[in-house]
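Participant: Okay, sequence plus prediction incoming.
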Amino acid sequence: MQNKMNEKYALIKIERDAWEAEKDEISSLVKLDSEVVSLNIGGNVHIQTEKEVLRSVPNSLLAKMFSDMHELKKINEEVFLDRDGKTFETLVNYLRNERRVFPEFNDKNQENHFFKELHYWKIDSHNRSWQE
(Lines give C-alpha, C1' and ligand atoms only; values in the text may rest on other atoms or scores of the structure.)
Protein backbone atom coordinates (compact mmCIF):
# COMPACT_ATOMS: atom_id res chain seq x y z
CA MET A 1 0.00 0.00 0.00
CA GLN A 2 2.79 2.42 0.91
CA ASN A 3 4.60 1.66 -2.37
CA LYS A 4 1.50 2.59 -4.39
CA MET A 5 1.15 5.85 -2.46
CA ASN A 6 4.83 6.63 -3.01
CA GLU A 7 4.43 5.95 -6.74
CA LYS A 8 1.38 8.23 -6.92
CA TYR A 9 3.22 10.92 -4.99
CA ALA A 10 6.19 10.64 -7.37
CA LEU A 11 3.89 10.98 -10.40
CA ILE A 12 2.15 13.97 -8.88
CA LYS A 13 5.52 15.56 -8.13
CA ILE A 14 6.65 15.04 -11.73
CA GLU A 15 3.43 16.64 -13.00
CA ARG A 16 3.73 19.54 -10.57
CA ASP A 17 7.38 20.17 -11.49
CA ALA A 18 6.44 20.17 -15.18
CA TRP A 19 3.57 22.58 -14.47
CA GLU A 20 5.87 24.90 -12.46
CA ALA A 21 8.39 24.95 -15.32
CA GLU A 22 5.60 25.69 -17.81
CA LYS A 23 4.24 28.41 -15.53
CA ASP A 24 7.67 30.07 -15.36
CA GLU A 25 8.05 29.89 -19.15
CA ILE A 26 4.61 31.44 -19.78
CA SER A 27 5.19 34.06 -17.09
CA SER A 28 8.39 35.21 -18.82
CA LEU A 29 6.46 35.64 -22.08
CA VAL A 30 3.42 37.40 -20.63
CA LYS A 31 5.30 39.85 -18.36
CA LEU A 32 2.36 40.53 -16.09
CA ASP A 33 4.10 43.46 -14.44
CA SER A 34 4.73 45.32 -17.72
CA GLU A 35 2.33 48.15 -18.49
CA VAL A 36 0.50 48.09 -21.82
CA VAL A 37 0.47 51.35 -23.77
CA SER A 38 -2.12 52.22 -26.41
CA LEU A 39 -0.72 54.34 -29.21
CA ASN A 40 -2.42 56.36 -31.92
CA ILE A 41 0.13 56.82 -34.68
CA GLY A 42 -0.64 59.58 -37.13
CA GLY A 43 -4.35 59.24 -36.51
CA ASN A 44 -4.72 56.09 -38.59
CA VAL A 45 -2.74 53.28 -36.94
CA HIS A 46 -3.54 52.06 -33.43
CA ILE A 47 -0.97 49.91 -31.67
CA GLN A 48 -0.83 48.38 -28.23
CA THR A 49 2.51 47.30 -26.88
CA GLU A 50 4.30 46.90 -23.60
CA LYS A 51 5.95 50.03 -22.32
CA GLU A 52 9.14 48.01 -21.89
CA VAL A 53 9.28 47.49 -25.68
CA LEU A 54 9.26 51.25 -26.19
CA ARG A 55 11.95 51.68 -23.52
CA SER A 56 14.10 48.78 -24.73
CA VAL A 57 16.83 50.95 -26.30
CA PRO A 58 18.49 52.94 -23.51
CA ASN A 59 18.89 56.67 -24.22
CA SER A 60 16.64 56.54 -27.27
CA LEU A 61 14.02 59.23 -27.59
CA LEU A 62 11.33 56.57 -27.15
CA ALA A 63 12.92 55.36 -23.91
CA LYS A 64 13.01 58.91 -22.62
CA MET A 65 9.48 59.69 -23.77
CA PHE A 66 8.00 56.63 -22.04
CA SER A 67 10.11 56.93 -18.88
CA ASP A 68 7.06 58.19 -16.93
CA MET A 69 8.85 61.49 -16.47
CA HIS A 70 7.03 63.37 -19.23
CA GLU A 71 3.46 64.33 -19.97
CA LEU A 72 2.28 62.82 -23.23
CA LYS A 73 -0.47 63.95 -25.57
CA LYS A 74 -3.47 61.62 -25.38
CA ILE A 75 -6.55 61.20 -27.52
CA ASN A 76 -9.20 58.88 -26.09
CA GLU A 77 -6.70 57.29 -23.68
CA GLU A 78 -4.18 56.64 -26.50
CA VAL A 79 -0.80 58.34 -26.64
CA PHE A 80 -0.74 60.31 -29.88
CA LEU A 81 2.44 60.32 -31.96
CA ASP A 82 2.39 62.33 -35.17
CA ARG A 83 4.43 59.84 -37.20
CA ASP A 84 3.81 57.59 -40.20
CA GLY A 85 1.77 54.66 -38.91
CA LYS A 86 3.15 51.87 -41.09
CA THR A 87 6.76 52.90 -40.51
CA PHE A 88 6.27 53.20 -36.76
CA GLU A 89 4.51 49.83 -36.64
CA THR A 90 7.56 48.31 -38.37
CA LEU A 91 9.76 50.00 -35.77
CA VAL A 92 7.72 48.54 -32.90
CA ASN A 93 7.99 45.06 -34.40
CA TYR A 94 11.75 45.55 -34.76
CA LEU A 95 11.95 46.48 -31.07
CA ARG A 96 9.70 43.56 -30.07
CA ASN A 97 12.27 41.25 -31.63
CA GLU A 98 15.07 42.90 -29.64
CA ARG A 99 16.51 44.38 -32.87
CA ARG A 100 17.61 40.92 -34.00
CA VAL A 101 15.20 40.53 -36.92
CA PHE A 102 15.68 43.33 -39.40
CA PRO A 103 12.55 44.08 -41.42
CA GLU A 104 12.31 43.24 -45.10
CA PHE A 105 11.06 45.96 -47.42
CA ASN A 106 9.22 45.81 -50.73
CA ASP A 107 10.91 48.93 -52.02
CA LYS A 108 13.81 51.23 -51.24
CA ASN A 109 11.47 54.06 -50.23
CA GLN A 110 10.01 52.02 -47.35
CA GLU A 111 13.51 51.11 -46.22
CA ASN A 112 14.59 54.77 -46.33
CA HIS A 113 11.56 55.76 -44.24
CA PHE A 114 12.45 53.07 -41.70
CA PHE A 115 16.03 54.31 -41.37
CA LYS A 116 14.76 57.87 -40.96
CA GLU A 117 12.42 56.61 -38.21
CA LEU A 118 15.36 54.94 -36.45
CA HIS A 119 17.30 58.18 -36.71
CA TYR A 120 14.35 60.26 -35.49
CA TRP A 121 14.00 58.17 -32.32
CA LYS A 122 17.81 57.95 -31.88
CA ILE A 123 17.83 54.17 -32.19
CA ASP A 124 20.94 52.66 -33.69
CA SER A 125 20.68 49.58 -35.85
CA HIS A 126 23.96 48.00 -34.79
CA ASN A 127 22.28 44.63 -34.13
CA ARG A 128 21.16 44.12 -37.73
CA SER A 129 21.38 40.37 -38.28
CA TRP A 130 21.29 40.85 -42.06
CA GLN A 131 24.76 42.45 -41.92
CA GLU A 132 26.39 39.58 -40.08
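Facilitator: That came through, no problem.

Participant: what about the helices in this structure?
Facilitator: Assigned by DSSP state H, the helices in the chain fall at 2-30, 51-54, 61-65, 85-96, 108-120.

Participant: show me where pLDDT drops low in the protein?
Facilitator: The model of the chain has pLDDT under 70 over residues 30-32, 126-132.

Participant: give me that answer again for 50
Facilitator: By pLDDT under 50, the weakly predicted segments of the chain are 127-132.

Participant: any idea how it splits into domains?
Facilitator: Domain ranges of the chain: 1-30, 36-131, per automatic domain parsing.

Participant: Kindly reformat these as CSV and extend each row with mean neighbour count.
Facilitator: The way it works is simple: take the backbone N, C-alpha and C, and place the C-beta from them, glycine included. Output for these, formatted as CSV (neighbours: other CB atoms under 10 Å):
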stretch, mean neighbour count
domain 1-30, 9
domain 36-131, 14
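
Participant: The helices of the chain: which one's closest to residue 45?
Facilitator: Nearest to residue 45 among the helices of the chain is helix 85-96 (2.7 Å), distances taken as CB to CB.
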